[in-house]
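In: Quick one: sequence plus predicted model below, questions after.
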Amino acid sequence: MLFSVIIPVYNVEKYLDACVQSVLDQDCSDYELILVDDGSTDRSGEICDEYEKKDNRVKVIHQENGGLSCARNTGIRAAKGDYLVFIDSDDWIDNNSLDAFEKIIAKSRPEIIETKLVEEYEGRTVIKDQHYSAYLKQPFTRERALNWILYETEDTWPAPKRICNREFIMNNDLFFAEGRLQEDIDWTTRLCCCAGSFEGYDASWYHYRMKREGSITNNIHAKYITDVIEMAAADRELCDSGDEFSIKAFIEMIGSVYIAINLYKYCSKGDKKKVSSCIKQNKWIFDYTPALKYKIFAVVARCLGVDISLALLSIAK
C-alpha cells in the first residue's frame, strides 16, 4: 500500500472521532490507518477498537503508556505503507490530502514531502508559511529544502509537516527519542542531515489544534527544557561531522535550546535548579550559539556562572 497513517492515541476521547474520521474520509483509499493506544485511561482505546471493527483499513495496537515518541515508533515498526503520515490524535486533515501526496509521489518518489500547517485556535484559524508558494516556484533542491526547513519556515520542527518514505526512515534509524518532550526537534534535526530528496506541497492540509487544556505546551516544567538540552548534547556527532548541513541543523537546534531556556522563568524553584544543573553538565553545546543575545548568555555563564546568566536572561526582553 502507499500510505501508513500513524496516530498515537492517549486520553483524547473528545477529539478522536474528528481525527480518525478525517482520515477515513480521504479521497485516496490506498492506505492503512494505525491507531496506537498508548495506555489510555478514558474511552479512547474503546473508540479505536470500534473503528477497527467497522473498517478493515484500521489497525489498532494497545500498549502500556510510553509517551508520544514510543507510540509513534510502535506505529513505524508496524507500518507496511511506502510512505508514513504522522497525525496527532487531537488534530485533523483535509479530505484530499493523501490524494495530493499520491500525485507528488507518482512523479518523483521523494524521501520527504515538506508541507505546512494550519493552527486552529478557538474561534481563530492561522495559516502558516504563506510565502511557501512563492518559494516553491524555483526547484526544491536539497539545498533549498533544507534552507526552507532551517531558516524560512515559521514551524521548523513538527513531525506531521513531513510525509516520509518508510524505507528511508528505517534505513537511517530515524525513530523518535523515547521518554523525551519536544522530541520533534531532535527527530527533524537528524532527518535534515540524512534526507537527499525533497518535494514541496504548499496547500494547508493539516489542522493543528492549539492550546488544548492539559496539553504539554500549557504545563511548563524542568523536563520541557532539560530534554531539549540533553537531546542536543546527544547529537554531538552532527557538529563534529564536518558536513555543512549537519552543522547548520545542529546550530538551529541550539537555537531551540535557547527558546526552551527562555521558559526558565516560569519554572518552580526546584525545577530552576534542575535546569541550571543540566546546563552546567552540557556547557559545550553553548559554544554553538546562533545569535548575539545568546552569545552574551554564553559569555556571562562562562565568566559569572550559569545561575547569574539565567537570571539575566529571565529579565531580558
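Out: Cool, the structure landed. Given the structure is predicted, the values throughout are model-derived calculations rather than measurements.

In: CA only for contacts and neighbour counts going forward, please
Out: OK.

In: what's next to the least confident helix or strand in the chain by mean pLDDT, contact-wise?
Out: The weakest-scoring helix or strand in the chain, judged by mean pLDDT, DSSP states H and E, is helix 236-240 (a mean of 80). Under the criterion C-alpha atoms under 8 Å, 6 or more residues apart in numbering, residues 246-247, 250 lie in contact with helix 236-240.

In: mind listing what's buried in it?
Out: Using 16 or more other C-alpha atoms under 10 Å as the test for burial, helix 236-240 gives 238-239.

In: Give the partner strands of the strand ranked longest in the chain in its sheet and their orientations.
Out: Taking DSSP state E as the criterion, the chain has its longest strand at strand 198-209. If you go by DSSP bridges, strand 198-209 pairs up with strand 92-93 (antiparallel), strand 112-121 (parallel).

In: Show me which of the ones you listed has the highest average neighbour count.
Out: Most buried of the strands paired with strand 198-209 by mean neighbour count (mean count of other C-alpha atoms under 10 Å) is strand 92-93; its value is a mean of 22.

In: And the contacts of that strand?
Out: By C-alpha under 8 Å, 6+ apart, strand 92-93 touches 18-20, 22-23, 205-208.

In: at 6 Å what do you get?
Out: 19, 22, 205-207 (C-alpha atoms under 6 Å, 6 or more residues apart in numbering).

In: sorry, back to before: buried residues, the helix or strand following the longest strand of the chain. List them.
Out: For strand 198-209, the succeeding helix or strand toward the C-terminus, using DSSP states H and E, is helix 222-234. Buried positions in helix 222-234, judged by neighbour count with 16+ other C-alpha under 10 Å: 222-233.

In: Check stretch 51-67 too.
Out: Here stretch 51-67 shows 51-52, 57-62, 67 as buried, counting by 16+ other C-alpha under 10 Å.

In: Need the max-distance pair from these.
Out: Spatial extent of those (C-alpha to C-alpha) is set by the pair 57 and 67 at 24.4 Å.

In: out of the strands paired with strand 198-209, which comes closest to residue 257?
Out: Comparing the strands paired with strand 198-209 under C-alpha to C-alpha, the one sitting nearest is strand 112-121, at 22.5 Å.

In: Show the subsequent helix or strand relative to that closest one.
Out: Toward the C-terminus, strand 112-121 is succeeded by strand 124-127 as the next helix or strand (DSSP H and E).

In: quick one: strands adjacent to that next one?
Out: Strand pairing for strand 124-127, using DSSP bridges, gives strand 112-121 (antiparallel).

In: what's the partner strand in contact with?
Out: By C-alpha under 6 Å, 6+ apart, strand 112-121 touches 125-128, 161-164, 198-202, 204, 206-210.

In: Ok, stretch 1-14 next?
Out: Contacts for stretch 1-14 (C-alpha under 6 Å, 6+ apart): 30-38, 40, 42-44, 71, 75, 79, 81-89.

In: Make sure I have this right: residue 14 is in a strand.
Out: No. With DSSP: H, G, I helix; E, B strand; the rest coil as the criterion, residue 14 is coil rather than part of a strand.

In: That one and residue 91, how far apart?
Out: For residue 14, the distance to residue 91 equals 11 Å [C-alpha to C-alpha, to the nearest Å].

In: Who has more neighbours out of the two?
Out: Ranked by neighbour count (other C-alpha atoms under 10 Å), residue 14 and residue 91 place residue 91 first, with 20 against 11.
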